[in-house]
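**Student:** sequence plus predicted model, see below.
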Amino acid sequence: MKMNERQLALITEEVKRLAKLPGGFYEKKYEGIDVDKVTSQEDFEQLPFTTKADLRNAYPLGLQAVSEEEVVRIHSSSGTTGTPVIIPYTAKDVDDWAIQFARCYETAGITNKDRIQITPGYGLWTAGIGFQLGAEKLGAMTIPLGPGNTEKQLSMMQDLKSTVITATSSYALVLAEEIEKRGLKDKICLKKGVIGSERWGEKMRQKIKNTLGIQIYDIYGLTEIYGPGIGISCDYECGMHYWDDFVYIEIVDPETGKTVPDGEQGEIVITTLVKEGAPLIRYNTHDISRIIPGKCKCGCEYPRIDTIVGRTDDMFKVKGVNMFPKQIDDVLSEVDGVSSEYQLIIDHVNGRDECFLSVEVEDALDYRAVAEQINDKLKSRVGLKMKVNPVPTGSLPRSEKKTKRVFDRRFSQEEWKEV
Ligand code: ZN
């Protein structure tokens, strides 16, 4: 994406300032680089990426770029492995995040007359509090339940007549299934769902949409860059608008690291434009997407990235074929009578890699025929044959946070590589 004048001015100033900040993160990172010569987009694209490993190495407060007095809060990324990443925020950062999040709600057509039920977690994680800040900035009534306690979620939802549900896709599915089971659909007032923080398939989206009778919006963001709220899908469901007055987004080729033209797929690399506490330059998220060229039908002027396909570190290679979990979502979404849930185990059996795919199939169906149908599609779409194992609907695990669906057991029986 071509940088506009404001972005170029902010970025070139930021690069110089951070590289010259004594003892700062970028002073070390850019050692040997003449930052005074970074004056164009082309120069900027030569700068090395900031990586998650860099951020971990800066633990605990190595990223802090302002004085102690200015920091009002920290958040931490939910890294399941290794050292966490700590991100300090100034008061302005917190407010800027709220402004962006409120803009997300507005893009979804949510107003100060709405009642927003918040189910993502609070604490070090950026989720719950981000959803809340934005809702308060918008002036809506916030119902901050946090995660779990489905019983209470459902009673509050009815009694307070929540009109918006915010959740991870996994938990939205849990709630949708529970509402369906109890026949509560007519007793709830939900109109919209703002769903974030994990990649999900079309089938799951349709299930939540239809069961709850709501319009769904995908929210984008990551703890390293404010948190959720830097972008959201609109009514037209054609990618996510992102706030290019707060972040500059590039898409790069994962192999070469070169910026690709708009429309082409690659890794999302983000530069913060006005962040104070922990500004990041060319942070490689490893999320795979593309810039969608052209204007959106909704009339919103903000640029768009496409739905996240996966992460380069989610990619797995079986028998020489590169695969993303999204491809399995896509195949399952085309088969009638199977749910959105699956579990894929990759194992090494008798010297060969094998994939075992458990899928939920409705009781009334011929399991064998469904399994064959899935296998045919996998072969033609992904180029892989799997051992498809149909199981009853509802029997695979659902989680309130991120549901793990792919387990690679090829390297060690004890330590499953969770993808
Ligand atoms: Zn739009």
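**Tutor:** Looks like it came in fine.
**Student:** give me the buried positions along the top helix by length along the chain.
**Tutor:** Counting residues, the longest helix in the chain under DSSP state H turns out to be helix 91-107. Under the neighbour-count criterion of 16 or more other Cβ atoms under 10 Å, helix 91-107 has 93-94, 96-105, 107 buried. (C-beta placed from N, C-alpha, C; glycine too.)
**Student:** again with stretch 11-25
**Tutor:** Residues of stretch 11-25 classed as buried by neighbour count (16+ other Cβ under 10 Å): Ile11, Thr12, Glu14, Val15, Lys16, Leu18, Ala19, Gly24, Phe25.
**Student:** how far away is Leu154 from Ser67?
**Tutor:** Distance from Leu154 to Ser67, counting by Cβ to Cβ, to the nearest Å: 47 Å.
**Student:** kindly apply the preceding question to Asp245 instead.
**Tutor:** Applying Cβ to Cβ, the value for Asp245 to Ser67 is 26 Å.
**Student:** likewise Ile179?
**Tutor:** Distance from Ile179 to Ser67, by Cβ to Cβ: 49 Å.
**Student:** who's in contact with the residue sitting furthest away from the middle of the chain?
**Tutor:** Within the chain, the residue lying farthest from the chain centre (Cα atoms, centre = their mean) is Asn350, at 37.2 Å. By Cβ atoms under 8 Å, 6 or more residues apart in numbering, no residues touch Asn350.
**Student:** the residue nearest to Leu18 when sequence neighbours are not counted: which element?
**Tutor:** Of all residues not flanking Leu18 in the chain, Tyr26 sits nearest, at 3.9 Å (Cβ to Cβ, 6 or more residues apart in numbering). Using DSSP states H and E, Tyr26 falls within helix 25-29.
**Student:** got the CA coordinates for stretch 331-339 in PDB?
**Tutor:** Only the C-alpha atoms of stretch 331-339 are listed here, as PDB (Å, rounded to 0.1, in the frame of the first residue of the first chain):
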ATOM      1  CA  VAL A 331     -13.700 -28.100   2.800                       C
ATOM      2  CA  LEU A 332     -16.000 -28.800   5.800                       C
ATOM      3  CA  SER A 333     -18.100 -25.800   5.000                       C
ATOM      4  CA  GLU A 334     -19.000 -27.400   1.600                       C
ATOM      5  CA  VAL A 335     -20.300 -30.600   3.100                       C
ATOM      6  CA  ASP A 336     -23.900 -30.900   4.400                       C
ATOM      7  CA  GLY A 337     -24.500 -32.400   7.800                       C
ATOM      8  CA  VAL A 338     -21.100 -31.800   9.300                       C
ATOM      9  CA  SER A 339     -20.400 -29.200  12.000                       C
END
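**Student:** residues in contact with that stretch?
**Tutor:** 201-203, 206-207, 340, 342, 359-362, 364-365, 370, 373-374, 377-378, 381-382, 390, 393-394.
**Student:** make a ChimeraX selection of the buried ones in these.
**Tutor:** The buried subset of the contacts of stretch 331-339, as determined by 16+ other Cβ under 10 Å, is captured in ChimeraX by this line:
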select :201,203,207,340,342,359,360,361,370,373,374,378,382,390,393
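**Student:** out of the contacts of stretch 331-339, who's near the ion?
**Tutor:** By Cβ under 5 Å from the ion, no member of the contacts of stretch 331-339 lies near the ion.
**Student:** what residues are up against Ile216?
**Tutor:** Taking Cβ under 8 Å, 6+ apart, we find Ile216 in contact with Lys192, Gly193, Ile195, Arg205, Ile208, Lys209.
**Student:** okay then, goodbye and thanks.
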